[in-house]
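Undergrad: Sequence and predicted structure below; questions after.
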Amino acid sequence: MARVGYLPSAGSAAGTNPSLQALRQGLAELGYVDGRNIVVEARGPEGRLERLPELAAELVGLNVDVIVTLGGVATRAAKNATSTIPIVFAVVIDPVVAGLVSYRQQPGGNLTGFTSFDPQEMRPHLEVLKEAIPGLVRVAFLGDGGVPGSPEASRAWDEQQARAVGLQAQTLRIRGPNPDLDAAFEAARREQAQAMLVLEMPATVEHRRRIAESAIRYRLPTLFVGNYGDTMGLIAYGTSRAETGRRLAAYVDKILKGAQPGALPVERLTHYELVINLETAGAAGVTIPPALLERADRVIR
């Protein structure tokens, strides 16, 4: 009986977690049936990043064969908890820059996985926002202030991404299990932001439904970075959750059959899905151009 640990940077360990479901589906396609020939030990911080080291240590204590992590914070916690149990990660922008692996082609150590690293970073997402909202000039970047890093570096990164496509950036960060979303949206209103780019970070993923509801109330169009079409946000654009689950499962399978994680290259996920919610568009007073609708992988009406 193989034992696989699962640790996301945001969310719960509930069976309804879409990313966990995608992993289970990927394993099932390879012949692994939970409770028959594999056990998935899932843990989730539920909005409390400070619990991740404790949860990672708990998985290590269970002597799992592999730990699957989502997001840089959970991956860092798992790396700090064990140097021997293989770790397979996803939803990490650049694992080399983050210091998680030495090289993408030959990671070495006990970590490997999948990256969303793209030299253009947020450019494709901002281009979609510009197409959806003609005349867009100013966009608010909503992220997680609890993730390690200085506010100055976050602001500089946001401005760099916006400037690359001819936009102005406003930096907004929320933190904690009960973030003050009204304060963030009031700040966006004061600075006359015309749209909001919701970054894929622990607090924004954890509270994505509340963020989407607030955006509708403030009539501020949103684009969620990641595959979060279930949030009622106007647009979701990110790597396919189903593909991520299959690719993670494939690496878990290889490791369970004897492959060394340090010899498996860190691969880039390239399949992006575009989801547009027309119900939210109506509530926000936005008319989505027909050409963008035609490009969408899914349209929610």
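TA: Looks like it arrived, so ask away. Residues are numbered from 1 along each chain as shown.
Undergrad: Please name the residues that touch Asp158.
TA: Counting by Cβ atoms under 8 Å, 6 or more residues apart in numbering, Asp158 touches Phe141, Ala169, Gln170, Thr171. Any C-beta I mention is one placed from the backbone N, CA and C, and that applies to glycine too.
Undergrad: For the nearest residue to Ala22 once chain neighbours are set aside, which three-state class applies?
TA: Spatially, and ignoring its direct neighbours in sequence, Ala22 is nearest to Gly245 (2.8 Å; Cβ to Cβ, 6 or more residues apart in numbering). Using DSSP: H, G, I helix; E, B strand; the rest coil, the structure places Gly245 in helix.
Undergrad: Gly245: neighbour count?
TA: 24 (other Cβ atoms under 10 Å).
Undergrad: what do you get for Ala81?
TA: So Ala81, with other Cβ under 10 Å, has 21 neighbours.
Undergrad: What strand or helix carries the closest residue in space to it that isn't next to it in sequence?
TA: Excluding its sequence neighbours, the residue lying closest to Ala81 (Cβ to Cβ, 6+ apart) is Ala56, at 3.9 Å. Ala56 belongs to helix 52-61 when elements are defined using DSSP states H and E.
Undergrad: Now that helix - C-alpha only, PDB.
TA: Taking Å, rounded to 0.1, in the frame of the first residue of the first chain, the C-alpha atoms of helix 52-61 are listed here in PDB:
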ATOM      1  CA  LEU A  52       2.300  24.500   7.300                       C
ATOM      2  CA  PRO A  53       5.600  23.400   9.100                       C
ATOM      3  CA  GLU A  54       3.500  21.500  11.600                       C
ATOM      4  CA  LEU A  55       1.400  19.800   8.900                       C
ATOM      5  CA  ALA A  56       4.600  18.900   6.900                       C
ATOM      6  CA  ALA A  57       6.100  17.400  10.000                       C
ATOM      7  CA  GLU A  58       3.000  15.400  10.500                       C
ATOM      8  CA  LEU A  59       3.200  13.900   7.000                       C
ATOM      9  CA  VAL A  60       6.800  13.100   7.600                       C
ATOM     10  CA  GLY A  61       5.900  11.400  10.900                       C
END
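Undergrad: all numbers from here: first residue = 13
TA: Noted, 13 is the first residue going forward, which turns the last one into helix 64-73.
Undergrad: next SSE after that helix?
TA: Per DSSP H and E, the helix or strand that comes after helix 64-73 is strand 78-82.
Undergrad: got the contact list for that following strand?
TA: The contact list for strand 78-82 (Cβ under 8 Å, 6+ apart) reads 14, 16-22, 31, 35, 68, 71-72, 87, 89-90, 94, 97-103, 125, 260, 264, 267-268.
Undergrad: Sheet partners, orientation included, of that strand?
TA: Strand 78-82 sits in its sheet next to strand 14-20 (parallel), strand 99-104 (parallel), going by DSSP bridges.
Undergrad: quick one: low-confidence parts of the stretch 163-312 of the chain?
TA: By pLDDT under 70, the stretch 163-312 of the chain has no low-scoring segment.
Undergrad: all strands of it, in order?
TA: 180-186, 207-210, 234-237, 247-251, 279-280, 284-289, 310-312 (DSSP state E, counting those that start in this stretch).
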